[in-house]
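1. next one to model:
(one chain, ligands or ions: 2)
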Amino acid sequence: MVIVMESSASEEQIEQVIARLVEVGYDVHRSTGVSQTVLGAVGAPRQALDPRSLELLPGVREAVKISSPYKLVGRTFKSENTIVDVAGVPVGGPEVIVMAGPCSVETVDQVGAVARRVAVSGARLLRGGAFKPRTSPYAFQGHGEEALRWMRAAADESGLRVISEIMDPRQAEMMLRYVDCLQVGARNMQNFDLLRELGRLRRPVLLKRGLSATIEEWLLSAEYVLAGGNTQVILCERGIRTFESATRNTLDLSAIPVVKKLSHLPIVVDPSHGTGRRDKVIPMARAAVAAGADGLLIEVHNDPDRAWSDGAQSLYPEQFDTLMGELRVIAPVLGRSLPVARVPATLACNTGRA
Ligand code: PEP
Ligand code: MN
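-> Ligands and ions are numbered 1, 2, ... in the order given. Okay, the predicted model is just below:
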């Protein structure tokens, strides 16, 4: 249930409504906006509360039973867009934020080289896998903590933030030492223990859409994180399984306007896993920005033909640079921009770009 207070409601009136909700067994999440306070009542109350009886309380404008099963991620609970702060990089604001890097972190030199290239082109986050969810148990599973150490150093050198995938709640404590944003992979979208753990943490989460998940299921997974108290969630569309076999997945760009209407959370698009081939990544990245995505997650490798995983869908650094230039033209049409590349002086000397 969502309770919208009058803009003139006093603190005492708000507290009275909260007390009534708590009394019957609801958990109450309060959103204090500029002009109005909205209360989200979640959980299973011991006693059913008629919204009309709540509307009789002083200071209540409207009490609405929400038919959608999620509440905290919905626009009814919070109408303004959420901007997720990834260690000073705002995702969901006017700037389109690009996260780029290799599928797997392979060597210290590889991740350093990719970081320098993507930073010069204007990426703000370095993405790379240290723990890899591979279909085959015999495929490269990632270098684990060592890879995170390399990534952190590479990102710091190039002025980037770090995003990497967490697969198990037991990795959380260690990962918090290295990463600014925790990625939940498509295969783990409904790993509820993991989502609950991420709800307890205060670190941004990028939640990928599951391989066969509906938008409602995806939003319910995000709800797990918010219900735990962590509001910093970025959704990521990465393609879904369909009957189509021409691409690795079917990138559902219509999810962007659908999610934008239903939820206040930012949404980014991963055209790399969404298409599986680098020649398809570029047009779909352009289309995602044109459709209103708040950012992109793109695989880039310094030597894609020798990549340990997902080489075919990884862009060459030059292709990535060209794409970023194109996005700088597209974004302003939508009233948005791409951040200017902030390259540390040490790197600017090496690249000749400032
Ligand atoms: C990845 O980002 O490298 C990855 C494994 O993606 P997904 O979970 O979307 O398959
Ligand atoms: Mn990959």
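2. please make it C-alpha for all contacts and neighbour counts, starting now.
-> Will do.
3. burial of the residue in the stretch 1-150 of the chain positioned nearest to ligand 1, as a residue count?
-> Per Cα to the nearest ligand atom, Cys103 is where the stretch 1-150 of the chain lies closest to ligand 1, at 4.8 Å. Under the neighbour criterion other Cα atoms under 10 Å, Cys103 is assigned a count of 27.
4. surely it touches Asp303?
-> No: between Cys103 and Asp303 there is no contact under Cα atoms under 8 Å: 12.0 Å.
5. which intervals of this structure have sub-threshold pLDDT?
-> Applying pLDDT under 70 to the chain picks out residues 342-354.
6. Val28: what secondary structure?
-> strand (DSSP: H, G, I helix; E, B strand; the rest coil).
7. what sits against it?
-> 18, 21-22, 39-42 (Cα atoms under 8 Å, 6 or more residues apart in numbering).
8. what do you get if the cut-off is 10 Å, keeping everything else the same?
-> Val28 sits next to 1-2, 17-19, 21-22, 39-43, 227 when contact means Cα atoms under 10 Å, 6 or more residues apart in numbering.
9. do you know how far it is from Val17?
-> 10 Å (Cα to Cα, to the nearest Å).
10. list residues touching both of these two?
-> Leu39.
11. for ligand 1, what are the nearby residues on the stretch 151-300 of the chain?
-> The stretch 151-300 of the chain comes close to ligand 1 at residues 185-187, 238, 273, as judged by Cα under 6 Å from any ligand atom.
12. which pair of the residues you listed spans the longest distance?
-> Arg187 and His273 (12.5 Å; Cα to Cα).
13. which phi and psi does the closest residue to ligand 1 within the chain have?
-> Per Cα to the nearest ligand atom, the residue of the chain with the smallest distance to ligand 1 is Gly185, at 3.3 Å. Main-chain dihedrals, Gly185, degrees, to the nearest 10: phi -70, psi 160.
14. wait, it sits on Leu194?
-> No: counting by Cα atoms under 10 Å, Gly185 does not reach Leu194; the two are 11.0 Å apart.
15. identify the contacts common to the two.
-> With Cα under 10 Å, 6+ apart as the test, Gly185 and Leu194 both reach 166-167.
16. pretty sure Val4 is in a strand, no?
-> Yes: judged by three-state DSSP, Val4 forms part of a strand.
17. can you give me the neighbour number for it?
-> Burial of Val4 is recorded as 22 neighbouring residues (other Cα under 10 Å).
18. beta partners for the closest residue in space to it that isn't next to it in sequence?
-> Excluding the flanking residues, the one nearest Val4 by Cα to Cα, 6 or more residues apart in numbering is Val38, at 4.7 Å. Beta bridges link Val38 to Val4, Ser31, judged by DSSP bridges.
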